[in-house]
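Student: build the 3D model from these lines:
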Amino acid sequence: MQGDDFNPVVVLPTFNNARTVGAIIARVLETGLPTIVVDDGCTDSTNQVLEKFENRIQIVRHRRNRGTGAALRSGFVAA
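Tutor: Numbers count the residues shown, from 1 in each chain. So this is what the prediction gives:
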């Protein structure tokens, strides 16, 4: 693989992590890597936290919780 073909992206699945997801996103953004957060059907205030970062991250949303594997697959597709 040539260096030009490698474009890392961070995929963060989340489900009802309103208390912690903001700090994690902030730390990941410090790396300068593109970041995709998959809201896996959150029912708490996670969406409000994600809105604070919406200009700096890509958000993929599931209508209902589908599990970590499905959230990761959705993130990989978006990447």
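Student: let's verify the spatially most central residue of the chain: helix, strand, or coil?
Tutor: In the chain, the residue lying closest to the centroid (CA atoms, centre = their mean) is Val37, at 1.1 Å. Three-state assignment for Val37 (DSSP: H, G, I helix; E, B strand; the rest coil): strand.
Student: please name the nearest non-neighbouring residue to it.
Tutor: Leu12 (4.7 Å; CB to CB, 6 or more residues apart in numbering). Every C-beta, even on glycine, is put in place using the N, C-alpha and C of the backbone.
Student: helix or strand right after the helix or strand containing that neighbour?
Tutor: Assigned by DSSP states H and E, Leu12 belongs to strand 10-14. Remark: after strand 10-14, the chain's next helix or strand is helix 21-29, criterion DSSP H and E.
Student: what's the angle between that following helix and strand 10-14?
Tutor: 170 degrees (axes from the mean of the first three to the mean of the last three CA atoms, to 10 degrees).
Student: give me the contact list for helix 21-29.
Tutor: Contacts to helix 21-29, defined as CB atoms under 8 Å, 6 or more residues apart in numbering, come from residues 10, 12, 14, 17, 35, 37, 46, 49-50, 52-53, 56-57.
Student: mind running it again at 10 Å?
Tutor: Helix 21-29 has contacts (CB atoms under 10 Å, 6 or more residues apart in numbering) with 10, 12, 14-15, 17, 34-35, 37, 39, 42, 44, 46, 48-50, 52-53, 56-57.
Student: could you export that helix as PDB, CA atoms only?
Tutor: Taking C-alpha atoms only, helix 21-29 is exported to PDB below (Å, rounded to 0.1, in the frame of the first residue of the first chain):
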ATOM      1  CA  VAL A  21     -19.000  11.200  24.400                       C
ATOM      2  CA  GLY A  22     -18.200  14.900  24.200                       C
ATOM      3  CA  ALA A  23     -14.900  14.500  25.900                       C
ATOM      4  CA  ILE A  24     -14.000  11.600  23.700                       C
ATOM      5  CA  ILE A  25     -14.900  13.500  20.500                       C
ATOM      6  CA  ALA A  26     -12.900  16.500  21.700                       C
ATOM      7  CA  ARG A  27      -9.800  14.300  22.200                       C
ATOM      8  CA  VAL A  28     -10.200  12.600  18.900                       C
ATOM      9  CA  LEU A  29     -10.500  15.900  17.100                       C
END
